[in-house]
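Participant: Build me a structure from this.
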Amino acid sequence: MFTCLRIQPDEKVTLITDRVTEPIAASIAAQLKERGCPFNAFILEDLAPRPLAEMPAAVLADMETSAVSIFAVQVQQNELRSRMQMTDVVNRRRMRHAHMVNITPEIMCDGMRADFDAVDRLSQQVLDRIRRAVRIRATTAAGTNIVSDMNPDYKWFKTSGIISPEKWGNLPGGECFTSPGEVNGTFVVDGVVGDWLCARYGLLDSTPLTIEIAQNRIVSCSSSNKQLEHDFWAYTHTDENSDRVGEFAIGTNIGVSRVIGNILQDEKFPGIHIAFGNPYGEHTGAPWRSSTHIDVVGLGFNIWLEYEGGEEQIMQQGRFLISA
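Facilitator: The predicted model follows:
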């Protein structure tokens, strides 16, 4: 945690958790106490009923005097708005913020034990390349075949687990992301889907979700699990931009060897994930917004970057062809 957030002993921290995640938050609090860091801890259920309609005022007020915030909470349906209220404060104050949505003891003992300095070096190698790419192509054996034309006006970011004031990050870290110009093709989700659907449906290797995308919008989706198909379609049609590809990302956490059915870690798994909905425009520069954001993760990617003068393959069957 201290490696990722670079917390100094004199920096105040806001620690936000819930009843389910309280044991993990308690271990983080113990580390803060050991280092002598001033902090305030909040359990959401003590402040407001769940699911949250708004982020509790006491939490937001405390963040106004903190340099660092840590959000270790199990998400519930329709709480994205409250989390966006929190990250609005993070962005405005340029806080170093660890977003640990749906963190579990398994992740604390797995993805959070990655060598984040090595992940950061690989992420930088990927970032240096993808910033020059005009187009990214990707395929998988499961049937994914997508092309993403990149918008040079949109910014790429790496959230490698080393968190800075420039961009808050999920922990465990390990991805490079932007908002794409235009995505077209087929994306087969044989890993996981995000937000509250992740906990409900888990790993999708036996019931993959196939998404057809045209001009950055969902055209159709299908799965043998019809309830998953229905819930995903409903989620991605919440508002006028919920079905729009808002994020295009490459996972770079080489410390993660498998997907586990938890989007917090699984979106860092080496490969591509995309998200429909909010494009994090305050960072990427995308000029639109959505009240929703849901990630989808595929497996076993082949990835090619197309430049003005040629192309480069950076991943083959899920393994990076570049090194840190």
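
Participant: all helices for the stretch 101-250 of the chain, in order.
Facilitator: For the stretch 101-250 of the chain, the helices defined by DSSP state H, counting those that start in this stretch occupy 105-108, 116-130, 195-201, 226-235.

Participant: and D18, which of the ones you listed is closest to it?
Facilitator: helix 195-201 (13.5 Å; CB to CB). Glycine gets a C-beta too; all of them are placed from N, C-alpha and C.

Participant: Take the helices of the stretch 101-250 of the chain and write them to TSV, including distance to F320.
Facilitator: Formatted as TSV, these follow (distance: least, CB to CB, whole Å):
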stretch	distance to F320
helix 105-108	22
helix 116-130	7
helix 195-201	25
helix 226-235	29
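
Participant: Please look at I213 and S220 and confirm they touch.
Facilitator: No. I213 lies out of contact with S220 (CB atoms under 8 Å); the separation is 9.3 Å.

Participant: re earlier: any chance of the helices of the stretch 101-250 of the chain in a markdown table, plus distance to T17 and mean pLDDT?
Facilitator: Shown next, in a markdown table, are the helices of the stretch 101-250 of the chain (distance: least, CB to CB, whole Å; pLDDT from 0 to 100):
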| stretch | distance to T17 | mean pLDDT |
| --- | --- | --- |
| helix 105-108 | 13 | 94 |
| helix 116-130 | 22 | 95 |
| helix 195-201 | 17 | 93 |
| helix 226-235 | 25 | 98 |
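
Participant: I'd like to know which of these lies nearest to P287.
Facilitator: P287 lies closest, by CB to CB, to one member of the helices of the stretch 101-250 of the chain: helix 116-130, at 21.1 Å.

Participant: For that closest one, give me every contacting residue.
Facilitator: With contact meaning CB atoms under 8 Å, 6 or more residues apart in numbering, helix 116-130 is reached by 3-4, 136, 150, 156, 158, 160-162, 173-176, 178, 250, 252-255, 305, 312, 314, 320, 322-324.

Participant: do stretch 57-65 as well
Facilitator: Stretch 57-65 is contacted by residues 12, 14, 16, 40, 42, 44, 47, 69, 85-86, 89-90, 93, 95 when judged by CB under 8 Å, 6+ apart.

Participant: And it, what's buried?
Facilitator: Using 16 or more other CB atoms under 10 Å as the test for burial, stretch 57-65 gives 59-60, 62-63.

Participant: Stretch 28-40 now?
Facilitator: Per 16+ other CB under 10 Å, stretch 28-40 contains these buried residues: 28-29, 32, 37, 39-40.

Participant: Sweet, I'm off.
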